[in-house]
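[1] I'll drop the sequence and a predicted model, then ask my questions.
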Amino acid sequence: MMMNLFSSFDPSTGLNLSLNWASSLIPIIMIPPMFWFIPSRINMLWVKINLILHKEFKILLNHKSQGKTLMFISLFTLILFNNFLGLFPYIFTSTSHLVLTLTLALPLWLSFMIYGWTNNTMHMFIHLVPQGTPNLLMPFMVLIESISNIIRPGTLSIRLSANMIAGHLLMTLMGSTGTSLNIIMINILILTQILLLILETAVSIIQSYVFTVLSTLYSSEVN
């Protein structure tokens, strides 16, 4: 029983154990059948998507770091599958929790910072002061750039989780009013819910792409 609007996002809803996190492992079970028959339509589509992403990330990264595209494509795949799974009824949306999104964003950001400050120290200092900044504003610009750099993993994770939870809350809120509506309003509600589901599908793709592209841009800045 849903005690409040946010209880549907509780990892322990319905059970005393946090088994809902097992939904994040479902993509590992779902992916292998794509490669049982090669070239299957699903396999050809997925290879095409990977090639498009590889070309996109290759532009953002320099020529020495093109091998990183595989890591970012894998990150995109993980987020995309988990976003899609959250659209199915009674399946826990793991990407709507900061526990998962911050776990993805924070190690990436830390690794970029450690690599950048260790190997390209002067390059990282240059990034703290934009070109053409007056001498009087330099201390303030260093402070502002440092703060904006520190909050990057937080903004990455909050953006993903907030966008995923917002649409689900709206659909849950509208669906809970169905019992008090007449037949005409129920038909309108069903049509609205279908349109919201299409919108949420687009948001799932866009947010996984945005998360990955921003991570790629953060990586390109330290080289």
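    Yep, that arrived. All figures in this text were calculated on a predicted structure; none of them were measured in a lab.

[2] once you drop chain neighbours, what's closest to Phe211?
    Leu160 (5.3 Å; Cβ to Cβ, 6 or more residues apart in numbering). Quick note: C-beta positions are derived from backbone N, CA and C, even for glycine.

[3] now the helices: where do they sit in the chain?
    For the chain, the helices defined by DSSP state H cover 26-30, 41-60, 69-85, 98-119, 121-128, 138-150, 152-175, 183-221.

[4] so which of those helices is the most packed in?
    helix 69-85 (a mean of 19; mean count of other Cβ atoms under 10 Å).

[5] could you point out where this protein is predicted with low confidence?
    1-19, 30-38, 63-66 (pLDDT under 70).

[6] now render the helices of the chain as TSV, adding distance to Ile91.
    Below are those laid out as TSV (distance: least, Cβ to Cβ, whole Å):
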stretch	distance to Ile91
helix 26-30	8
helix 41-60	20
helix 69-85	5
helix 98-119	14
helix 121-128	41
helix 138-150	34
helix 152-175	11
helix 183-221	13
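
[7] show me the contacts for Asn149.
    Asn149 is in contact with Met113, counting by Cβ atoms under 8 Å, 6 or more residues apart in numbering.

[8] what's the closest of the helices of the chain to Phe92?
    helix 69-85 (8.1 Å; Cβ to Cβ).

[9] now the closest residue to Gly116 other than its chain neighbours: how far from Asn62?
    Nearest non-adjacent residue to Gly116, counting by Cβ to Cβ, 6+ apart: Val222, 3.1 Å away. Computed with Cβ to Cβ, to the nearest Å, the distance linking Val222 and Asn62 is 11 Å.

[10] which of the two has more neighbours?
    Val222 (19 against 12; other Cβ atoms under 10 Å).

[11] would you confirm that that one contacts Ile114?
    No - taking Cβ atoms under 8 Å as the definition, Val222 is not a contact partner of Ile114, at 9.3 Å.

[12] identify the contacts common to the two.
    Common neighbours of Val222 and Ile114 (Cβ under 8 Å, 6+ apart) do not exist.

[13] returning to what we had before: so who does the residue nearest to Phe211 touch?
    Leu160 touches 79, 95, 101, 207-208, 210-211, counting by Cβ under 8 Å, 6+ apart.

[14] I'd like these as a markdown table, with distance to Asn182 appended.
    Formatted as a markdown table, these follow (distance: Cβ to Cβ, whole Å):
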| residue | distance to Asn182 |
| --- | --- |
| Ile79 | 40 |
| Thr95 | 36 |
| Thr101 | 40 |
| Gln207 | 36 |
| Ser208 | 39 |
| Val210 | 40 |
| Phe211 | 42 |
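
[15] list just the nearest of these to Gly178.
    The nearest one, if we look at these relative to Gly178 and count by Cβ to Cβ, is Thr95, at 26.4 Å.

[16] what is the burial count for the closest one?
    Thr95 has 28 neighbouring residues, counting by other Cβ under 10 Å.

[17] that one: what's it in contact with?
    79, 82-83, 86, 101, 160-161, 164.

[18] swap in 6 Å and give it another go.
    82-83, 160, 164 (Cβ atoms under 6 Å, 6 or more residues apart in numbering).

[19] nearest to Thr121, of those?
    Nearest to Thr121 among those, with distances taken as Cβ to Cβ, is Leu160, at 30.8 Å.
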